[in-house]
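Chemist: missing the sequence, but the structure's below:
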């Protein structure tokens, strides 16, 4: 039941911001749409930004968990790329949702700022998992850099899909972004 209410709140937040704009959307209105109080909303999300971004940001822990399960024989890049298949599958399954979230994220500075903060949390979680895999501390600058670069490739893949209005290609776009990185590093 708890996850269902969380999902309803996230959906209501996205819908309201999409319809009336970020500034005009209040936590009270989001909560009322779902039939809960504002206080209940804050039990699930610290901010309305968090509610809107929840469908994307919830992927971070899943990717980190998958990364921990990768075989030690993989290179860091292979392990990260394989772990991101969790996100690829989720994004490809919900193209309408991700399109809306990308549009809102690009048009609302408060959402973009919160998204960037959440990316730092993803990098932390990924670095902990990759560090475990490599036998290195998660706060190793090298491990954090590898995870941050992977996050940039992911962002490029999402942006490319958004611009083409085709999230079915997110896997190919992620591979293309990684190829671009390889070319850049080889230059």
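Modeler: Received the coordinates, thanks. What you are looking at is a predicted structure, and each value in this text was computed from that prediction instead of being measured.
Chemist: From now on I want contacts and neighbour counts done on CA atoms only, so please keep to that.
Modeler: Fine.
Chemist: was I right about residue 167 contacting residue 89?
Modeler: No - the pair residue 167 / residue 89 is not scored as a contact, 10.2 Å apart, by Cα atoms under 8 Å.
Chemist: out of the two, which sits in the busier spot?
Modeler: When neighbours are counted by other Cα atoms under 10 Å, residue 167 and residue 89 differ, and residue 167 comes out ahead with 25 against 13.
Chemist: who are the neighbours in contact with the nearest residue to that one once chain neighbours are set aside?
Modeler: Of all residues not flanking residue 167 in the chain, residue 161 sits nearest, at 5.1 Å (Cα to Cα, 6 or more residues apart in numbering). Residue 161 makes contact with 167, 168, 169, 170, 173, according to Cα atoms under 8 Å, 6 or more residues apart in numbering.
Chemist: How many residues are close by the third one?
Modeler: I take that to be residue 169. If we define neighbours as other Cα under 10 Å, then residue 169 has 17 of them.
Chemist: next one: residue 84
Modeler: Residue 84, neighbours per other Cα under 10 Å, totals 23.
Chemist: And it, how far from residue 147?
Modeler: 11 Å (Cα to Cα, to the nearest Å).
Chemist: list the helices and strands the helix ranked longest in the chain packs on?
Modeler: The single longest helix within the chain, with elements called by DSSP state H, is helix 109-134. Counting contacts by 3 or more Cα pairs under 8 Å, 6 or more residues apart in numbering; DSSP states H and E, helix 109-134 is packed against helix 48-57, helix 59-68, helix 76-83, helix 95-107, helix 141-164.
Chemist: pLDDT at the residue nearest to residue 95 when sequence neighbours are not counted, what is it?
Modeler: With sequence-adjacent residues excluded and distances taken as Cα to Cα, 6+ apart, residue 95 is closest to residue 167, at 5.7 Å. With respect to pLDDT, residue 167 has a value of 93.
Chemist: ok, residue 167 to residue 98 distance?
Modeler: Taking Cα to Cα, one finds residue 167 at 8 Å from residue 98.
Chemist: Next: residue 41.
Modeler: For residue 41 relative to residue 98 (Cα to Cα), the value is 22 Å.
Chemist: burial measure for residue 45, as a count.
Modeler: 16.
Chemist: Tell me who's in contact with it.
Modeler: residue 51.
Chemist: Kindly recompute the last result at 10 Å.
Modeler: By Cα atoms under 10 Å, 6 or more residues apart in numbering, the residues touching residue 45 are 6, 9, 10, 51, 52, 54.
Chemist: By neighbours, which of those wins?
Modeler: residue 9 (28 neighbours).
Chemist: Helix, strand, or coil at that one?
Modeler: Under DSSP: H, G, I helix; E, B strand; the rest coil, residue 9 falls in the helix class.
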